[in-house]
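[1] the sequence and its predicted three-dimensional model are supplied below.
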Amino acid sequence: MFGLNLKKYRKLNSYSQEDIANKISVLIAKKIKAVNVQSWESGTNPKLEVIVALAEILDIPEQFLFDDSKEVINKIVSKEVPTLKAIVEHTKRVPLLQGYVGAGSAGIIDDVAIENYLYIDNCSIKSAYVNSDVRGLTVIGDSMQPYISENDIILFNPIQKGQYNLNDGKYIIETINGVMVKNLQFKTNGNIIISSCNKSYQSEEINKNESQEVLDILGIVVGRILKS
C-alpha cells in the first residue's frame, strides 16, 4: 500500500522520481537517488526520516502514505484543508479484480477476489457511471490498441446476465476463448458483431439465435487507466 500511495501522490503533484529524490536530499541532507524512490514504490520501506520528508514534499499527512481510504481521509480532513477535501469528493474507490481481461489473448478473472483498490479521478469514468458499481481489470494482449494496451487497466460496470438491450460500444465479454474486451455492434436483425480496435484482428458476427449460448456480456466499459 505504501508504494502505491507514494506513486499516486507523486503523480498527483506532477513530480518525477528524480524530483522527489532531489527534494528529499535537501530536506534530510543525505544523497537520495531516483532509483531509491523507484525501490520504495516497488515495495521497499524507507526510513522514518524519509517518510516524514515525503509527507512534507507531497503536502499530505504521513498516514496517507499507508492508508488513504475515504474513512481515514474523512477523519483527517478539515475545512482548512480544501485540497484534501477535493480528493474525497472527486475520486472513486474501485476494486481491481484478480486475473486479467484478454485483448487478443485469453483472459480469466475472479469476479469475487480483489487484488487491490484503485483511487480513480471521477473524470476518468463516464459521467453516467460515476456513482455506479465500477470495477477494474488488467489487460493482456494488443487487439484493442490504440485504445488500450497490455498491462493497462480497463474500467467496467457489470451487466446483469442476459441483458441484451444495449447500445454499440466497448464491452467485457466471455466466449469459449475466455474473457475479453471487445467492440460490440448490435445489428437490427439481432446479430452481434465482435471486433477489435487493432485492424490486424478479424471481426466476427454471431447469429442472434446463437448469441446467448456462445456469448456472455459481463460489463460495459466506462473508462481506462493507461500506464504508458
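    Structure received.

[2] domain ranges for the protein, per the record?
    Residue ranges for the domains of the chain, per automatic domain parsing: 2-89, 92-225.

[3] mean pLDDT for the ones you listed: which is lowest?
    Looking over the domains of the chain, mean pLDDT reaches its minimum on domain 2-89, with a mean of 81.

[4] circling back: now render the domains of the chain as CSV, adding mean neighbour count.
    C-beta: built from backbone N, CA, C; applies to glycine. As requested, those are exported to CSV (neighbours: other CB atoms under 10 Å):
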stretch, mean neighbour count
domain 2-89, 15
domain 92-225, 17
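
[5] relative to residue 203, how far out is the nearest residue in space to residue 146 that is not next to it in sequence?
    Once flanking residues are discounted, residue 146 sits nearest to residue 197: 6.6 Å by CB to CB, 6 or more residues apart in numbering. For residue 197, the distance to residue 203 equals 11 Å [CB to CB, to the nearest Å].

[6] likewise residue 150?
    21 Å.

[7] other SSEs contacting the helix or strand containing residue 101?
    Residue 101 belongs to strand 91-102 when elements are defined using DSSP states H and E. For strand 91-102, the packing partners by 3 or more CB pairs under 8 Å, 6 or more residues apart in numbering; DSSP states H and E come out as strand 108-121, strand 135-140, strand 153-158, strand 178-186.

[8] which stretches in the chain count as helices?
    According to DSSP state H, the chain carries its helices in the segments 2-12, 17-28, 34-41, 48-58, 70-76, 82-89, 208-214.

[9] and the angle from the strand holding residue 101 to strand 135-140?
    Relative orientation of strand 91-102 and strand 135-140, computed by axes from the mean of the first three to the mean of the last three CA atoms, to 10 degrees: 40 degrees.

[10] gap between stretch 173-180 and the chain center?
    21 Å (CA atoms, centre = their mean, to the nearest Å).

[11] for residue 175, what are its contacts?
    214, 215, 216 (CB atoms under 8 Å, 6 or more residues apart in numbering).

[12] any idea which of those residues is closest to residue 120?
    Of all the contacts of residue 175, residue 216 has the smallest distance to residue 120: 25.6 Å, by CB to CB.

[13] tell me what the closest residue to the closest one other than its chain neighbours is bridged to.
    Once flanking residues are discounted, residue 216 sits nearest to residue 174: 4.4 Å by CB to CB, 6+ apart. In this structure, residue 174 bridges to residue 179, residue 216 when assessed by DSSP bridges.
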